[in-house]
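> Predicted model and sequence below, questions to follow.
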Amino acid sequence: MDDIPISALIGALIFLIILSAFFSGSETGLVSLNRYRLRHLAKTKHRGAIRAAKLLERPDRLIGLILLGNNFVNILASSIATILALRLYGEAGIAIAAGILTLVILIFSEVTPKTLAVLHPERFAFPATFILSPLLKILYPLVWIVNIAANGLLRLGGINTDKATSQALSSEELRMVVTEAGAMIPRRHQMMLTNILDLEKVTVDDIMIPRNELVGINMHDDWDDILKQLTNSQHTRMPIFDTDINNVIGMIHVRNTLQLLTQKETSKEDLKRWIRPAYFVPEGTPLNKQLLHFQREKRRSGLVVDEYGDVQGLVTLEDILEEIVGEFTTDPSTHIKEVHRQKDGTFLVDGSASIRELNRVMQWELPTNGPKTFSGLITEHMESIPEPGTSLMLAGYPVEIVQTKDNMVKTAQINPGFRRPENDDSTDQSAA
């Protein structure tokens with residue numbers, strides 16, 4: 001060592017510090033890679049991504065290789081620094097060299113490259129694989145010995161190294177990925193993706209047309225009344241029942257009955273030829289499952305029934321699609337027939353309006369974990385049938401009861417422009 005020039009030792013020390021920075025940055029860069037983007041790049045035949053994915057298949061070997069190289073380089077650098085200190089300053093220089101080398105390695109070989117690798121993992125990790133891949137083959141016997149020893153110690157501690165941690169995303173984690181995608185995914189598409197994830201949390205009960213609003217054909221009505229109902233129908237499909245909606249005969253597509261309206265002599269028997277068996281949906285069915293059921297059964301609508309077989313409402317494919325893509329109109333106040341905008345900025349809302357539809361179309365934030373209708377929400381909040389003129393604060397929204405009928409709120413006025421924060425929500429009521 002005494003014959004080696006000091007300049008050569010200094011050059012070797014600088015080279016070792018660069019190597020240490022390479023190993024430190026490579027470790028951080030490879031570990032910081034986005035696994036899903038890495039798989040995508042590997043499928044597109046990106047050479048760096050393919051090598052990185054192969055190295056990450058066995059992280060124990062990768063870490064063993066990097067730490068083996070990093071520790072060897074750091075120890076060798078420390079030895080050279082000690083020799084330089086002895087030759088330049090004698091034994092007193094050993095302590096000085098240890099302090100300076102620690103500071104240099106910390107700044108130039110640890111903090112700086114690792115910070116750079118965290119900020120730009122692909123830019124650091126992919127080029128590093130050109131060196132790490134062949135180096136792993138060369139040093140594989142040594143890496144294998146290190147891994148055997150390390151894994152053995154982990155097994156003694158009760159840790160199974162054969163089972164890698166699952167990289168599968170939960171629905172909430174996937175929602176976070178979609179939300180944080182930013183400008184990479186248009187806002188409209190983000191909403192559609194998150195709405196798809198929400199389908200499993202929403203049931204057919206939340207979006208169905210309730211029983212009291214169902215429009216159907218009673219086969220006990222006069223034939224002239226039935227023809228008039230078919231002529232003026234605003235729906236494409238209607239249930240056919242016998243006296244009571246629970247006695248459903250089937251469903252009929254109004255378009256198929258148009259020829260009956262052009263014929264002079266027709267009867268109920270002619271109408272029965274177009275009746276299709278009804279499709280029933282159990283209440284509480286999640287929308288994601290019902291969407292698949294509609295697809296499998298080649299249906300566009302179904303009657304929701306409870307455990308006793310009584311009809312509770314009607315759910316359509318269009319209702320489920322609107323939960324995903326939103327409403328098919330741009331003016332919400334004209335789409336929801338139960339909502340009427342007033343000149344002063346308030347809204348008159350029918351008590352039968354669906355809470356979920358109000359939230360989705362009007363962008364309100366009424367609670368959905370209880371009653372399904374606006375009237376039911378008010379009644380639950382008041383714990384009684386309110387009188388006209390009663391005012392209340394409902395989920396932060398000022399609400400005034402306008403009309404009650406048949407033991408329910410018929411109409412209420414809501415002022416979303418004066419909503420209070422949730423923590424300031426008041427339960428006080430006053431009667432005018």
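Sure, I can see it. Numbers count the residues shown, from 1 in each chain.

> Got the phi and psi for Gly370?
phi -130, psi -120 (degrees, to the nearest 10).

> Grab the nearest non-local neighbour of it.
Glu380 (5.7 Å; Cβ to Cβ, 6 or more residues apart in numbering). Yep, even glycine has a C-beta here, placed from its N, CA and C like the rest.

> Can you tell me the element the one you found falls in?
helix 374-382 (DSSP states H and E).

> returning to that earlier point: correct me, but the residue nearest to Gly370 touches Lys372?
No: counting by Cβ atoms under 8 Å, Glu380 sits too far from Lys372 to count as a contact (10.9 Å).

> Of these two, give the one with the bigger neighbour count.
Each of Glu380 and Lys372 has its neighbours counted (other Cβ atoms under 10 Å); Lys372 has more, 20 against 12.

> show me what contacts that one?
205-206, 210, 354-356 (Cβ atoms under 8 Å, 6 or more residues apart in numbering).

> Distance of the residue nearest the centre of the chain relative to Glu200?
Geometric centre of the chain, nearest residue: Arg175, 2.5 Å, by Cα atoms, centre = their mean. Between Arg175 and Glu200 the computed distance is 12 Å (Cβ to Cβ, to the nearest Å).

> Sticking with the spatially closest residue to Ile131 that is not a sequence neighbour, tell me its helix or strand.
For Ile131, ignoring the flanking residues on the chain, the nearest one in space by Cβ to Cβ, 6+ apart is Phe22 at 7.6 Å. Phe22 is part of helix 6-32 when elements are defined by DSSP H and E.

> which strands and helices sit next to that helix?
helix 47-56, helix 59-89, helix 112-119, helix 121-138 (3 or more Cβ pairs under 8 Å, 6 or more residues apart in numbering; DSSP states H and E).

> other SSEs contacting the second one?
So that's helix 59-89. Checked by 3+ Cβ pairs under 8 Å, 6+ apart, helix 59-89 has helix 6-32, helix 47-56, helix 93-104, helix 121-138, helix 140-156 packed alongside it.

> 7 Å instead, please
Packing contacts for helix 59-89, counted by 3 or more Cβ pairs under 7 Å, 6 or more residues apart in numbering; DSSP states H and E, involve helix 6-32, helix 93-104, helix 121-138, helix 140-156.

> Take the second one, keep the C-alpha atoms, and write them as PDB.
Extracted as PDB, the C-alpha positions of helix 93-104 are listed here (Å, rounded to 0.1, in the frame of the first residue of the first chain):
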ATOM      1  CA  GLY A  93      -5.700  11.600  11.200                       C
ATOM      2  CA  ILE A  94      -7.700   8.400  11.700                       C
ATOM      3  CA  ALA A  95     -10.400  10.100  13.700                       C
ATOM      4  CA  ILE A  96     -10.400  13.000  11.300                       C
ATOM      5  CA  ALA A  97     -10.800  10.700   8.300                       C
ATOM      6  CA  ALA A  98     -13.600   8.700  10.000                       C
ATOM      7  CA  GLY A  99     -15.600  11.900  10.700                       C
ATOM      8  CA  ILE A 100     -15.100  13.400   7.200                       C
ATOM      9  CA  LEU A 101     -15.800  10.000   5.500                       C
ATOM     10  CA  THR A 102     -19.000   9.600   7.500                       C
ATOM     11  CA  LEU A 103     -20.200  13.000   6.500                       C
ATOM     12  CA  VAL A 104     -19.300  12.500   2.800                       C
END
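
> re earlier: now the helices and strands packed on helix 6-32 in CSV, with distance to Arg341?
Compiled in CSV, the helices and strands packed on helix 6-32 are given as follows (distance: least, Cβ to Cβ, whole Å):
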stretch, distance to Arg341
helix 47-56, 54
helix 59-89, 59
helix 112-119, 50
helix 121-138, 51
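
> Just send these back as a markdown table, with mean neighbour count and mean pLDDT too.
Shown next, in a markdown table, are the helices and strands packed on helix 6-32 (neighbours: other Cβ atoms under 10 Å; pLDDT from 0 to 100):
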| stretch | mean neighbour count | mean pLDDT |
| --- | --- | --- |
| helix 47-56 | 18 | 89 |
| helix 59-89 | 18 | 86 |
| helix 112-119 | 17 | 90 |
| helix 121-138 | 17 | 90 |
